[in-house]
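Visitor: Just to be clear, the model below is a prediction. Sequence and coordinates:
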Amino acid sequence: MTQPNTAVELQNLSKTFELRSGWGRKRVRKSVVAVDGISLSIPAGQTVAFIGPNGAGKSTTIKMLTGILHPSSGQAQVLGYTPWRERRTLVRHIGAVFGQRSQLWYHLPPRDTFELLARIYSLDRAAFVRRRDMLIERFGLGEFLQTPVRKLSLGQRMRAEVAASLLHAPRVLFLDEPTIGLDVIARQELRDLILEWNRDEGVTVFLTSHDAGDIERVARRVVVINHGRVVLDDKVSMLRRQYLGSKILSVKFHAPPAAFALPGVTTLKASEYALKLEVDTRVTPIEQVMTEVLRAGSVADIAIEDPPLEEVIAHIYGRSQEAGGRNQPTAELLASES
Ligand SMILES: Nc1ncnc2c1ncn2[C@@H]1O[C@H](COP(=O)(O)OP(=O)(O)OP(=O)(O)O)[C@@H](O)[C@H]1O
């Protein structure tokens, strides 16, 4: 039973594609298991990054959750609806953005697309105008509202795409690679807008991305899949801390420090007055390294950082490849790391 505050629920959801090639006797059938028994429960208002390497089954899952594809087996409910059976009703309550495919009318300016969407969703006129104007302001669409989409920059187009997907006040937003191809600034702007929308309107966000920055900025929870199975489900903050067990220590000295060596400590960069160290905290605790650093010279500045998320994610993908894509529960996976 779906709990009332559950936005998205997957129970053993699976999808196998049957492929046929060749003719007559040479006809070959092949099955591709794209999604292999995924179970998940996402409370309303949560921001979830659904990530995995190419071909892991992310898009197939989103397509099932938005009612575009039928599963081969298993169940899913989005806001209590079964997407592939109740798609027409469901689309009134969800928004979807596919970074690789525009949903705006290419030759029309965003303003006209908004009008069309208002009719498609039969939105109340006054409520629509209020919301449209709010989105125009928040997403900074004013200056290109009358420009045909084909003439917009990718960053402008993506802002218009996300705004269009929010016009009918959806309660769940599916974003499939929303920042793909965007430059650094446009990417950051879009992430901030999505996050703000989640905070202000409580919209549930289900995001796929290959960009660690998207995951870090937008999502609080991360679900990693590989070969169609969940290999990790954790808080984004825990992921980095628990998974690699390493820290980056950057130190600036007033004078050149004395040399020192400790097991589990690798020098990433060294100049006369500065050191950047990677510390495997499972070998030598960070406190011990700090003590040694303070002994080595007069410290002007010191910073301890977590390793980049990209590294953590690459590490997890690597682990699940080694495990042959078997569904390894999180605890076991984490325990095997320590
Ligand atoms: N319509 C289809 N027919 C046959 N096979 C498909 C179809 N769609 C996807 N697949 C296969 O299913 C698997 C999962 O694909 P999917 O697109 O869901 O992965 P993904 O995680 O979204 O990958 P990417 O990060 O590259 O977008 C792949 O092996 C893919 O080739």
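Guide: Arrived safely, thanks for sending.

Visitor: going forward, measure contacts and count neighbours with C-alpha atoms only.
Guide: Noted.

Visitor: Could you find the residue nearest the spatial middle of the chain?
Guide: Computing the C-alpha centroid of the chain and ranking residues by C-alpha atoms, centre = their mean puts Ala49 first, at 3.1 Å.

Visitor: What average pLDDT does the helix or strand hosting it get?
Guide: In this assignment (DSSP states H and E), Ala49 forms part of strand 47-51. The predicted model assigns strand 47-51 a mean pLDDT of 94.

Visitor: and if you look at stretch 91-111?
Guide: 90.

Visitor: Export that stretch to CSV, keeping only CA atoms.
Guide: Extracted in CSV, the C-alpha atoms of stretch 91-111 (Å, rounded to 0.1, in the frame of the first residue of the first chain):
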residue,chain,number,x,y,z
VAL,A,91,0.2,14.0,-16.7
ARG,A,92,-1.9,16.7,-15.0
HIS,A,93,0.1,16.2,-11.8
ILE,A,94,3.6,15.6,-13.0
GLY,A,95,6.1,17.5,-15.1
ALA,A,96,8.8,16.0,-17.2
VAL,A,97,11.9,17.4,-18.9
PHE,A,98,14.1,15.4,-21.2
GLY,A,99,17.3,17.3,-21.8
GLN,A,100,17.9,15.5,-25.0
ARG,A,101,14.5,16.2,-26.5
SER,A,102,12.7,19.5,-26.5
GLN,A,103,9.1,19.6,-25.5
LEU,A,104,8.6,23.2,-26.7
TRP,A,105,7.3,24.0,-30.1
TYR,A,106,10.4,24.7,-32.1
HIS,A,107,9.0,27.5,-34.2
LEU,A,108,6.9,29.2,-31.6
PRO,A,109,8.1,31.6,-28.9
PRO,A,110,7.8,30.4,-25.3
ARG,A,111,4.8,32.7,-24.7
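
Visitor: Sort out which residues of stretch 118-137 are buried, please.
Guide: If you call a residue buried by 16 or more other C-alpha atoms under 10 Å, then stretch 118-137 has these buried ones: Ala118, Leu123, Phe128, Val129, Arg131, Arg132, Leu135, Ile136.

Visitor: So what does Tyr317 have for phi and psi?
Guide: Tyr317 adopts backbone torsions of phi -60, psi -40, taken as degrees, to the nearest 10.

Visitor: now it: how far from the ligand?
Guide: Distance, Tyr317 to the ligand, by C-alpha to the nearest ligand atom, to the nearest Å: 12 Å.

Visitor: Could you tell me which ranges of the stretch 101-250 of the chain sit under the pLDDT cut-off?
Guide: Applying pLDDT under 70 to the stretch 101-250 of the chain flags residues 240-244.

Visitor: I'd like the distance from the strand holding Ala49 to the chain centre, please.
Guide: A distance of 4 Å separates the centroid of the chain from that of strand 47-51, by C-alpha atoms, centre = their mean, to the nearest Å.

Visitor: Could you identify the helix or strand that succeeds that strand?
Guide: Next along the chain after strand 47-51, taking DSSP H and E as the criterion, comes helix 58-65.

Visitor: Quick one: distance of the longest helix belonging to the chain to the chain centre.
Guide: Longest helix in the chain, counting residues (DSSP state H): helix 184-201. Distance of helix 184-201 from the chain centroid (C-alpha atoms, centre = their mean) equals 13 Å.
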